[in-house]
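Colleague: sequence plus the predicted model coming up.
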Amino acid sequence: MRPEIFIERLTHAHRPLIAWWVRRGHRVCVFDFDHCARLRSFGWLRRLLDQGKVETIYVPSSSVADSLAIDTAERFFPAFSSHPLVRAMGRIFGEHEAAPVLKKALVESLFRYFYIKQSLTDRARGASGRQAAIVVSSLYWAWEVRLREVARDVPTPAPTSCPWWARGYDAVARRIQDVLWSLAVCGGILLHAGSIIVGRMLARSQPALQQADHVFAVDSPFQVKFQGPRRADFLLDHQQVTKQNTVFVVHRLGEGPWIQQARCAGYRLIRQAEFADVRHPWRHMRQPPRSVRLGPALRAGGCLAAHPWAAGWLVDAAGRGLVAYLTKSALLERVNFVNYVYMDQDHLSQQCLNILIRKQGGQSWNFAYAIGGGYLYGNGQVPGHRQRRLAYQNPDHFVGTSQRMTRYHQEHRQGVRAYHAVGNLWSQSVSLAASATDIRRLRSAWFGAAADQGRVVAWFDTTFIEGAGSPSTYHEAVAWYRDIWRIVSEDERLLAVIKPSKDDACFVDGRSQLMHPLGQSVIGEWARLKQHPRVHFAGHAIDPSLVIAASDLTVTFCFSSPTAEALGAGKRAMWYEPGERWRDTLYGAEPLLVAHGYPELRRLVGTLLNDMDDEAYRQFLERRVRGLVEDFLDGNGLSRFRELLADAARPAAWSPRA
């Protein structure tokens, strides 16, 4: 039996190797560490993926490897503390502030090593034998030598090896990529610095400094997807947080026609592309940032050029940190603010911006959009588990749904000054949608005359990724939609409104990073459901809060967030998985919260809709849900968050820059 080939980081340079191994009949597996972010962008690889000749290995959001990487990074970082690139980052951001940013990059590199080792062990167990494997990764073999003592904590995988020519080929390809990256960054730094120097020499005026209490970052397409209570300005209450004291900073991914509409409506917006864009350094000439210290930046760029052979994670982190310093500083010269508010951005660029905000006297707030991710799936299965993406985060404030969630974040060596549990922010948007909408009219539009005779159940799916360990696979997606058809067909009192999270293209477009051959089966189930007389297919773009508010029961593919939002507003809700994989999890063990398999689905839907009156359900929320899903269950989490922001912006707590 030919050994399997495992590739850690795929580049176009690996194409000849893959072609050679596929021709010889080897099974080629690629670790999807970026969660489909790049693999399907390679046309030649896309064909092999669709033909099943190359397999992607799903990488979960939490595993044993995460905790090992976090602990090992803390132990090994001192060995790099005297490196010139580390000192260069310290001169720009401060040694104390720069260290966590670099440790986060080190965690990512170590995680890849530990996860490959753990994955090979698990696959060998699943195959009931120790099968030989070829690991094509110079990073893996470099850490294998350096971490001999630490690696003893990880189960020994099946026999692994790599031909000297394949290892050398991968090492050269990786080094060439690292060198090209460092040269590109150095070139970008020179262009940015040069444009700033020219702008200063031409005595360009500084932009007018806007005054605001709050800056809200719009840095995701998701934030501008919906209308209604959940749209991009959901943070405003027009009393404490208003159009007048809030500025929206729109990043590249948040761009769209909504910007002009918002400006016409009186909102204050700043587009990042107008003042700083890594692709347009010459824009600094018009209004060069005065706070950028060009001396340390240029010395750091020279240091990067002089050390292209340093560890890849260090070169990447230093380069991204320098780019963030040159591009993000301009924001602080356009608006003077107290609170910078963002959601779920855990990348290095955001860490660097948080540092700059602190240096200018402001404070950053990171609020949790979702309800835990790997924190939910790993509980009870991986003792002491942590998530690499949460490690070393550095906002001044973290805002979560519960004390349980904030305690979990505190286990990740974060540099957060204060943790706040306020409840689920989106639960309040459910209450707002209910008060601002004629629910009866909306349900009549969905179901006609049947709306007054049946019970409306809202069905929310999630993002599907096929792979062992994925919390929601395409096989489960097909089963999920078949079970919706089955329960609606068997119970004539039920009316179903279906709110998918993605549009058709994500399932069937070959260029989509989430596409899978089973996606066509999902679209087929959609088509069948659209023909059912008691099903309304709402589509992916409708506001989830509106759907929850207009329904008698919310059912979500476990463990996506709409169910938690409904529970926080006191609405009846549950999670459902077609299988049995997530029974021993934080929520999965609660029988009135999660159904596993169709028989339990039928039973739990009947219980929640028919067997529990309002008082009984309220008691269930108080006894079993409070403190588990969130701490308040009053649908006022957003108001509590606004109050925190308003308190921080009061003159007694903050004085603006001149």
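Modeller: Here it is on my side, so go on.

Colleague: could you pull out the strands for the stretch 151-300 of the chain?
Modeller: Remark: strands of the stretch 151-300 of the chain, listed N- to C-terminal, are 160-161, 210-211, 214-218, 246-250, 268-271; assignment by DSSP state E, counting those that start in this stretch.

Colleague: possible to save the ones you listed as CSV with distance to I7?
Modeller: Where C-beta positions appear, they are placed from N, C-alpha and C, glycine not excepted. What follows is the strands of the stretch 151-300 of the chain, written out as CSV (distance: least, Cβ to Cβ, whole Å):
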stretch, distance to I7
strand 160-161, 13
strand 210-211, 49
strand 214-218, 35
strand 246-250, 37
strand 268-271, 39
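
Colleague: helices of the stretch 301-450 of the chain, start to end?
Modeller: Counting by DSSP state H, counting those that start in this stretch, the stretch 301-450 of the chain has these helices, from start to end: 312-328, 348-359, 374-378, 403-410, 425-436, 439-447.

Colleague: now for the fifth one, which elements pack on it?
Modeller: Packing partners of helix 425-436 (3 or more Cβ pairs under 8 Å, 6 or more residues apart in numbering; DSSP states H and E): helix 544-549, helix 562-568, helix 637-649.

Colleague: just those: most buried one?
Modeller: Neighbour counts (mean count of other Cβ atoms under 10 Å) averaged over each of the helices and strands packed on helix 425-436 peak at helix 562-568, with a mean of 29.

Colleague: for that one, the distance to its chain's centre please.
Modeller: The chain centroid and the centroid of helix 562-568 are separated by 19 Å, computed with Cα atoms, centre = their mean, to the nearest Å.

Colleague: remind me which residues of the stretch 551-658 of the chain are low pLDDT?
Modeller: Low-confidence regions of the stretch 551-658 of the chain, defined here as pLDDT under 70, cover residues 652-658.

Colleague: just the helices in it please.
Modeller: In the stretch 551-658 of the chain, the helices defined using DSSP H, counting those that start in this stretch lie at 562-568, 598-606, 614-620, 637-649.

Colleague: could I get those as a markdown table with distance to A436?
Modeller: Converted to a markdown table, the helices of the stretch 551-658 of the chain look like this (distance: least, Cβ to Cβ, whole Å):
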| stretch | distance to A436 |
| --- | --- |
| helix 562-568 | 16 |
| helix 598-606 | 28 |
| helix 614-620 | 22 |
| helix 637-649 | 15 |
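
Colleague: and these: which comes nearest F111?
Modeller: Closest to F111 of those, according to Cβ to Cβ: helix 562-568, at 27.5 Å.

Colleague: what's the domain layout of this protein?
Modeller: According to automatic domain parsing, the chain is divided into the following domains: 4-177, 437-634.

Colleague: picking that back up, and of the helices and strands packed on helix 425-436, who's closest to G302?
Modeller: Ranking the helices and strands packed on helix 425-436 by proximity to G302 (Cβ to Cβ) places helix 637-649 first, at 39.7 Å.

Colleague: and the helices of the stretch 301-450 of the chain, which one averages the lowest pLDDT?
Modeller: The stretch with the lowest average pLDDT out of the helices of the stretch 301-450 of the chain is helix 374-378, scoring a mean of 62.

Colleague: where in the protein is pLDDT low?
Modeller: Filtered on pLDDT under 70, the chain yields the residue ranges 1, 35-37, 125-131, 149-158, 203-207, 276-287, 372-375, 377-384, 510-513, 652-658.

Colleague: nearest to L425, out of the helices of the stretch 551-658 of the chain?
Modeller: Comparing the helices of the stretch 551-658 of the chain by their distance to L425 (Cβ to Cβ), the top pick is helix 637-649, with 4.7 Å.

Colleague: and for that closest one, what's in contact with it?
Modeller: Outside of helix 637-649, the residues that reach it under the criterion Cβ atoms under 8 Å, 6 or more residues apart in numbering are 213-214, 234-235, 237, 240-241, 245, 338-339, 341, 363, 365, 367, 397, 399, 401, 420, 422-429, 568, 630, 632, 653-654.

Colleague: wait, doesn't F111 sit right on R388?
Modeller: Yes: distance between F111 and R388: 5.0 Å, which falls inside the contact criterion (Cβ atoms under 8 Å).

Colleague: these two: who's more crowded?
Modeller: The residue with more neighbours, out of F111 and R388, is R388; 28 against 24, by other Cβ atoms under 10 Å.

Colleague: contacts only, for that one.
Modeller: For R388, the contacting residues are 66, 69-70, 107-108, 111, taking Cβ under 8 Å, 6+ apart as the criterion.

Colleague: out of these, which sit inside helices?
Modeller: Among the contacts of R388, the members found in helices (DSSP state H) are 66, 69-70, 107-108, 111.

Colleague: of the residues you listed, closest to G319?
Modeller: Within the set of the ones in helices among the contacts of R388, E108 lies nearest G319; the separation is 14.4 Å, counting by Cβ to Cβ.

Colleague: ok, now which ones touch that closest one?
Modeller: Contacts of E108 were listed using Cβ under 8 Å, 6+ apart, and they are 69, 313, 388.

Colleague: over to D219?
Modeller: 251, 253-254, 342, 345.

Colleague: how far away is the most centrally placed residue in the chain from V292?
Modeller: Here the mean C-alpha position of the chain is nearest to the C-alpha of D344 (Cα atoms, centre = their mean), at a distance of 6.0 Å. Distance, D344 to V292, by Cβ to Cβ, to the nearest Å: 28 Å.

Colleague: same question for R47.
Modeller: Taken as Cβ to Cβ, the spacing of R47 relative to V292 amounts to 46 Å.

Colleague: name the helices or strands packed onto the longest helix along the chain?
Modeller: For the chain, the helix with the greatest residue count under DSSP H is helix 164-201. With contacts defined as 3+ Cβ pairs under 8 Å, 6+ apart, the secondary structure elements packing on helix 164-201 are strand 133-136, helix 138-146, helix 294-306, helix 312-328.

Colleague: for A445, find the nearest of these.
Modeller: Ranking these by their distance to A445 (criterion: Cβ to Cβ) puts helix 312-328 first, at 45.6 Å.

Colleague: for that closest one, buried residues please.
Modeller: Counting neighbours by 16 or more other Cβ atoms under 10 Å, one finds that the buried residues in helix 312-328 are 312-328.

Colleague: do stretch 399-414 as well
Modeller: Within stretch 399-414, judged by 16+ other Cβ under 10 Å, the buried ones are 399-402, 404-406, 408-409, 411-414.

Colleague: ok, now stretch 91-109?
Modeller: For stretch 91-109, using 16+ other Cβ under 10 Å, the buried residues are 91-93, 97-109.

Colleague: same deal with stretch 213-222?
Modeller: Buried residues in stretch 213-222, counting neighbours by 16+ other Cβ under 10 Å, are found at 213-220, 222.
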